[in-house]
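Novice: give me coordinates for this.
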Amino acid sequence: MTKVALLGTGIMGAAMARNLAKAGLDVTVWNRTRARAEPLEADGATVADAPVDAVRGAGVVITMLNDGDAVLAVMKDAAPGLAEGQVWAQMSTVGVAAVAPLAALAAEHGVTFVDAPVQGTKQPAEQGTLLVLAAGSPDARPVLEPVFGAVGQKTLWLGEDGAAGAGSRLKLAAISYALSLTAIIGEGVGLAEALGVDPARFAEVITGGPLDSGYFQAKLAAITGDDFAPSFTVDNAMTVTRLIAEAAESAGLHVDVVDAAHARFDRAARRGHGDQDMAAAYFAGPVG
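Specialist: Next up, the predicted model:
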């Protein structure tokens, strides 16, 4: 049985841990706020008091944390428990610049580093239907197959050099679309209302046409139904749009729509919606 240590049991990490345990893997979890990890004991996971305790003896280590700085700090805390031959699947969204320092830390301890962020939010995580975007040594693939199979419906292997961050690069390109579209949907609903148009009419125009999508319907329903239970929070959207902008700048590219989306997420957060679903960027519209 593969022993898996999962560090970070937020919205995504907790769902992933449940699916790993359901698949029969030996799962140990850690979270900075222990109370957020303790419910996973009912699903068969062991809760560790510290990162070093979680990773000790694990065949696979998964990090699912907020950003690259958090991942690096936690893995430095875990380092005394790391052992040569372990596989570290870094599945958080950390951007491009953060990958190299993480890979260097892994190499320092003889750990095989796999850059493997996931595409998907709360519901796919709960259903075990995430898309894993993985780059790393082929030697790690047999070890990771049951792990990735438990949390995702498909794994795209993108190359053999995890330190190059092929997974993270593709993740930023893909998620830029979702974040920008979220901001656009909220802006469209807000504009309809500001112009005295029933949002239901706005929805009627889009629904069934070439601009319709399941994603449009989900975020529209969240906004019009005033249901902002988080799948991916406004605060997280702010973090990721910043990472996208930084990566684009280093590549010599303007990302005007992402920059505009970041401004809306930032404004919504400052208005008290940071811990709500990113559809709450809708609240960034009114002037003042």
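Novice: low-scoring stretches of the chain, by residue?
Specialist: Residue ranges of the chain with pLDDT under 70: 1.
Novice: now the helices for it?
Specialist: Remark: helices assigned in the chain by DSSP state H are 11-22, 34-37, 51-55, 68-78, 99-108, 122-127, 141-151, 166-194, 199-206, 214-224, 234-250, 256-268.
Novice: for the fourth one, output the C-alpha coordinates as PDB.
Specialist: By that I understand helix 68-78. In PDB, the C-alpha atoms belonging to helix 68-78 read as follows (Å, rounded to 0.1, in the frame of the first residue of the first chain):
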ATOM      1  CA  GLY A  68       5.000  29.000  -3.600                       C
ATOM      2  CA  ASP A  69       6.200  30.700  -0.400                       C
ATOM      3  CA  ALA A  70       3.900  28.600   1.700                       C
ATOM      4  CA  VAL A  71       4.900  25.400   0.000                       C
ATOM      5  CA  LEU A  72       8.600  26.200   0.400                       C
ATOM      6  CA  ALA A  73       8.200  27.100   4.100                       C
ATOM      7  CA  VAL A  74       6.200  24.000   4.900                       C
ATOM      8  CA  MET A  75       8.600  21.700   3.100                       C
ATOM      9  CA  LYS A  76      11.600  23.200   4.800                       C
ATOM     10  CA  ASP A  77       9.800  22.300   8.100                       C
ATOM     11  CA  ALA A  78       9.200  18.800   6.800                       C
END
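Novice: who does that helix touch, helix- and strand-wise?
Specialist: Applying 3 or more CB pairs under 8 Å, 6 or more residues apart in numbering; DSSP states H and E, one finds that helix 68-78 contacts strand 3-7, helix 51-55, strand 60-63, helix 99-108. From N, CA and C alone the C-beta is placed, and that goes for glycine too.
Novice: can I get these in a markdown table with distance to residue 148 and mean neighbour count?
Specialist: Formatted as a markdown table, these follow (distance: least, CB to CB, whole Å; neighbours: other CB atoms under 10 Å):
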| stretch | distance to residue 148 | mean neighbour count |
| --- | --- | --- |
| strand 3-7 | 11 | 27 |
| helix 51-55 | 19 | 23 |
| strand 60-63 | 10 | 27 |
| helix 99-108 | 18 | 18 |
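Novice: what about the nearest residue to residue 18 once chain neighbours are set aside, neighbour count?
Specialist: In space, and not counting its chain neighbours, residue 18 is closest to residue 43: 4.7 Å by CB to CB, 6 or more residues apart in numbering. Neighbourhood size, residue 43 [other CB atoms under 10 Å]: 15.
Novice: kindly report the same for residue 260.
Specialist: Neighbours of residue 260 using other CB under 10 Å come to 15.
Novice: that one and residue 183 touch, don't they?
Specialist: Yes. Taking contacts as CB atoms under 8 Å, residue 260 lies within contact range of residue 183: 6.9 Å.
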